[in-house]
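Trainee: Sequence first, predicted model second:
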Amino acid sequence: MTRLTGSSNPVIKEIRSLKNKSDREEKGLFFIEGTRFVSEALKENAGIRCIVFSEAFLSGGASAEIINDVKGKGIICYEVPDSLFGSISDTQNPQGILAVLELKRKLLRDTAISEGLLILLDNIRDPGNMGTIIRTADAAGCAGVVVSDGCADIYNPKVLRSTMGSVFHLPVCYGGSISEMMQLIKQRGFLLCASHLEGSVSIYDADLSGNTALIIGSEAEGISVETARNADLLIKIPMAGRAESLNASVAAGVMMFEAMRQRRTR
């Protein structure tokens, strides 16, 4: 294990730069933090380039299992002082472990997804909502998540933390504008169901048991006019209280699990 001590070290500078989307894109790298997240990346062989440990982490009990998992994988490991780790971390209370991974974007047109439940995101800009939707899609057994132009970057550290490792469990695909994605998904035989406050059909009455793409819009703006026009069905979540709307990730979760219930009982 190599010890790094200076903030001007090229490795440290590169990791720090990965907080910026443009640098992530240019270098084809991103980083993740936390014991659970790094362990999940190791288990899924997610293309780890290197792992950085703080001194405090290495002195604790959790490090032994991680280091044992790294053996034989050809992954470079670094040890850094706690203060230096804090300067590259994106969290207020870092656990003392992060990993740098290869950034490989999946394009929808290159995937073989042709059945199941898909989640299509329309202008979801909030990193927390984005990550939570991906995590929920994983829990609901979705075939994948499709990210259209205008959404938050899934490799944003805040998005990644919110996925809790689910980003490694199901395809998260890119491909262009929302209209392009809808067209491609429809060509594959999916029913396009868009969440809309003025939807004509309750999610509990809509048939979501077949190959379905649930389209989720941003919390602030909802789905676009174009998306609403091109959707096969506008669906809504009935609400008994006085709240006008739900958080985007909460709404997505309600719809996903209703679709999962229908698919299990059909």
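Mentor: Structure received.

Trainee: Give the burial count for Phe57, as a bare number.
Mentor: Neighbours of Phe57 under the rule other Cβ atoms under 10 Å: 21. Placement of C-beta: from N, CA and C, glycine included.

Trainee: Let's see the helix or strand hosting it as PDB, backbone CA atoms only.
Mentor: Phe57 is part of helix 55-58 when elements are defined by DSSP states H and E. Taking Å, rounded to 0.1, in the frame of the first residue of the first chain, the C-alpha atoms of helix 55-58 are listed here in PDB:
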ATOM      1  CA  GLU A  55      -5.300   6.400   8.700                       C
ATOM      2  CA  ALA A  56      -8.300   6.200  11.000                       C
ATOM      3  CA  PHE A  57     -10.100   3.700   8.800                       C
ATOM      4  CA  LEU A  58      -7.100   1.400   8.600                       C
END
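
Trainee: helices and strands around that helix, which ones?
Mentor: Here helix 55-58 touches strand 76-80, going by 3 or more Cβ pairs under 8 Å, 6 or more residues apart in numbering; DSSP states H and E.

Trainee: Within the sheet, what are the partner strands of the strand it packs on, with directions?
Mentor: Note on strand 76-80: by DSSP bridges, its sheet partners are strand 2-3 (parallel), strand 48-54 (parallel).

Trainee: any idea which helix or strand comes after the helix holding Phe57?
Mentor: Using DSSP H and E, the helix or strand that follows helix 55-58 towards the C-terminus is helix 63-70.

Trainee: That next one relative to strand 48-54, how many degrees between them?
Mentor: 160 degrees (axes from the mean of the first three to the mean of the last three Cα atoms, to 10 degrees).

Trainee: Which elements pack onto helix 63-70?
Mentor: Contacts defined by 3+ Cβ pairs under 8 Å, 6+ apart place helix 63-70 against helix 35-43, strand 48-54.

Trainee: looking at the ones you listed, which is closest to Leu197?
Mentor: helix 35-43 (35.0 Å; Cβ to Cβ).

Trainee: wait, what's in contact with the nearest residue to Glu258 once chain neighbours are set aside?
Mentor: Leaving aside its sequence neighbours, Glu258 sits nearest to Ile203 (Cβ to Cβ, 6 or more residues apart in numbering; 5.0 Å). By Cβ atoms under 8 Å, 6 or more residues apart in numbering, the contact list for Ile203 reads 235-238, 254-255, 258.

Trainee: Closest to Ser22 out of those residues?
Mentor: Met255 (33.8 Å).

Trainee: Let me see the contact set for that closest one.
Mentor: 195, 203, 208, 214, 216, 235, 237.

Trainee: Then Pro81?
Mentor: Here Pro81 is in contact with 5, 54-55 (Cβ under 8 Å, 6+ apart).

Trainee: which other residues reach the least confident helix or strand in the chain by mean pLDDT?
Mentor: Every helix and strand in the chain was compared by mean pLDDT, DSSP states H and E; the lowest is helix 63-70, with a mean of 85. Contact with helix 63-70 is made by 35, 38-39, 42-43, 51, 53, 57, 77, 97, as judged by Cβ under 8 Å, 6+ apart.

Trainee: so can I have CSV of those residues showing pLDDT and distance to Ser179?
Mentor: Below are the contacts of helix 63-70 laid out as CSV (pLDDT from 0 to 100; distance: Cβ to Cβ, whole Å):
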residue, pLDDT, distance to Ser179
Thr35, 92, 41
Val38, 94, 38
Ser39, 92, 39
Leu42, 93, 39
Lys43, 91, 37
Ile51, 96, 41
Phe53, 96, 46
Phe57, 94, 46
Cys77, 94, 46
Ile97, 96, 42
